[in-house]
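>>> Fold the following, please.
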Amino acid sequence: MLDIKFIRENPDAVRENIKKKFQDAKLPLVDQVLDLDERSRAAITEASDLRAKRNALSKQVGMLMGQAKKDPSKLEEAEAVKAQVKANAERLAELEALEGQLAEEIRHIMLQIPNIIDPSVPIGPDDSCNVEVERFGEAKVPDYPIPYHTEIMESFDGIDLDAAGRVSGNGFYYLMGDVARLHEAVLAYARDFMIDRGFTFCVPPFMIHGNVVEGVMSQTDMDAMMYKIEGEDLYLIGTSEHSMIGKFIDQIIPESKLPQTLTSYSPCFRKEKGSHGIEERGVYRIHQFEKQEMIVVCKPEESMDWYEKMWRWSVELFRSLDIPVRQLECCSGDLADLKVKSCDIEAWSPRQQKYFEVCSCSNLGDAQARRLKIRVKGENGKNYLPHTLNNTVVAPPRMLIAFLENNLQADGTVTIPAVLRPYMGGKEKLVPKG
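Prediction:
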């Protein structure tokens, strides 16, 4: 969410940013919010004047009532001033109600106006215009067939989609045996990977209040993603970023405590509306999964440095698991409204012979901090808004697709990279059943 003062002083820049995000339908919002802002400031000014006059008139009434004891003619004058005080009080009540109404209308519109994107963001309407920046590792296609990922898992008796369908419906799964163990091993390795880089491990709440949801994501994303608990002001989190950033709601952080660097584990719950292609069957796009996340709350001038470090850690982790990846810069039309800059890390799929998303790294500037009223007390005693960033460390089971395909051998075994073996009881490979 932008600062209303910024919109007031830079309306053309805000309109141009909306155009760059190919959201022209939102252009009228700028004039609407400016009109509401002008009315709000006028109401606030009038209310302030009335409060000042109320104090002066109250003193005048007291003085006239005192004089009326000696001069009865002053009583009529006192009654006239009392009437003015009453009229002012009624008008003040109207203005205070109007102030609240206008503030709510302004906030509603402000939540819809997208954040200002970084100048380095490529311009384009959708993800087809995202730009490949760099590749890491050689993307190989073996001379033996790579089965679909659920077939690989089934060869280890590692997945049961039919039972999950009977119990929960489509979009759920049972992971079993070595595949389930591999799933947890990847999460544990990712946790320790981030701890070794100075991050504090955290297990957050898996449900959050509606005001936190509104603070961390756009209304459009909220409606498309979040499951609401019926009869409660609680939502199941779609990612631990939601509750991790929410941890700081209404807080003033001493500048000496920055940066806040946290890595969090959580299950994630998503509606995942709509139909998807054949490559998104199995465990690619599901309603429930688990994830290790990294979160940073930092000084504004440091956020781009953190952004660079965070996505590079994703590359480092995937390369340590022998998975080739590439970095893809997200274009303007592919950025969620709160994001200043974002990139995807995509893993190589030798079966599909293409890359697919496994991590998303985002710098949200001060948008979440403004919505959640997260402030930092500077050394000069003044408060300012920090920047917030998030990035996927690893999100199995989707990440398992890349892992299994890139480590599958011709005999059907799957090699366990050295860094993961301590989390797999020392196993060097998975062997198919039978």
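
>>> For the residue nearest to residue 158 when sequence neighbours are not counted, give me its contacts.
Residue nearest to residue 158 in three dimensions, not counting chain neighbours: residue 179, with 2.7 Å by C-beta to C-beta, 6 or more residues apart in numbering. Placement of C-beta: from N, CA and C, glycine included. Listed by C-beta atoms under 8 Å, 6 or more residues apart in numbering, the contact partners of residue 179 are 153, 156, 158-159, 400, 430.

>>> Could you say which helix or strand holds residue 391?
strand 387-394 (DSSP states H and E).

>>> Show the subsequent helix or strand relative to that strand.
Beyond strand 387-394 on the C-terminal side, the first helix or strand identified by DSSP H and E is helix 398-407.

>>> can you dump the C-alpha coordinates of that following helix into CSV?
Output of helix 398-407 as CSV, limited to C-alpha atoms (Å, rounded to 0.1, in the frame of the first residue of the first chain):
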residue,chain,number,x,y,z
ARG,A,398,6.8,-30.1,-5.8
MET,A,399,10.5,-29.9,-5.2
LEU,A,400,10.6,-33.7,-5.1
ILE,A,401,9.5,-33.8,-8.7
ALA,A,402,12.8,-32.1,-9.7
PHE,A,403,14.8,-34.1,-7.2
LEU,A,404,13.5,-37.5,-8.4
GLU,A,405,13.8,-36.7,-12.1
ASN,A,406,17.3,-35.3,-11.9
ASN,A,407,18.6,-38.1,-9.7
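
>>> average pLDDT for that helix?
Across helix 398-407, pLDDT averages out at 94.

>>> And the average pLDDT for whatever helix or strand comes next after that helix is what?
Under the assignment DSSP H and E, the closest C-terminal helix or strand after helix 398-407 is strand 414-415. Computed over strand 414-415, the mean pLDDT rounds to 97.

>>> I'd like the distance from strand 414-415 to the chain centre, please.
The chain centre lies 35 Å from the centre of strand 414-415; the measure is C-alpha atoms, centre = their mean, to the nearest Å.

>>> Run the chain-centre distance for the strand holding residue 391.
For strand 387-394, the distance to the chain centre is 9 Å (C-alpha atoms, centre = their mean).

>>> for the stretch 151-300 of the chain, what are the low-confidence residue spans?
273-281 (pLDDT under 70).

>>> re the thing from before, counting contacts, what elements does the strand holding residue 391 pack onto?
Applying 3 or more C-beta pairs under 8 Å, 6 or more residues apart in numbering; DSSP states H and E, we find strand 387-394 packed against helix 177-195, helix 240-246, strand 288-298, helix 303-320, strand 354-363, helix 367-372.

>>> Does anything pack onto the third one? Which helices or strands?
Contact here means 3+ C-beta pairs under 8 Å, 6+ apart; on that basis strand 288-298 packs against helix 177-195, helix 240-246, strand 260-269, helix 303-320, strand 387-394.

>>> possible to save these as TSV with distance to residue 212?
Listed next are these as TSV, based on distance: least, C-beta to C-beta, whole Å:
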stretch	distance to residue 212
helix 177-195	23
helix 240-246	4
strand 260-269	14
helix 303-320	21
strand 387-394	13
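
>>> I'd like to know which of those is closest to residue 137.
Of all these, it is helix 303-320 that lies closest to residue 137, at 5.6 Å by C-beta to C-beta.

>>> how far is the helix or strand just after the closest one from where the chain is centred?
Following helix 303-320 in sequence order, the next helix or strand is strand 325-329 (DSSP H and E). When C-alpha coordinates are averaged (C-alpha atoms, centre = their mean), strand 325-329 and its chain have centres 20 Å apart.

>>> Strand 325-329 pairs with which strands, and in what direction?
Taking DSSP bridges as the criterion, strand 325-329 forms sheet pairs with strand 131-136 (antiparallel), strand 341-349 (antiparallel).
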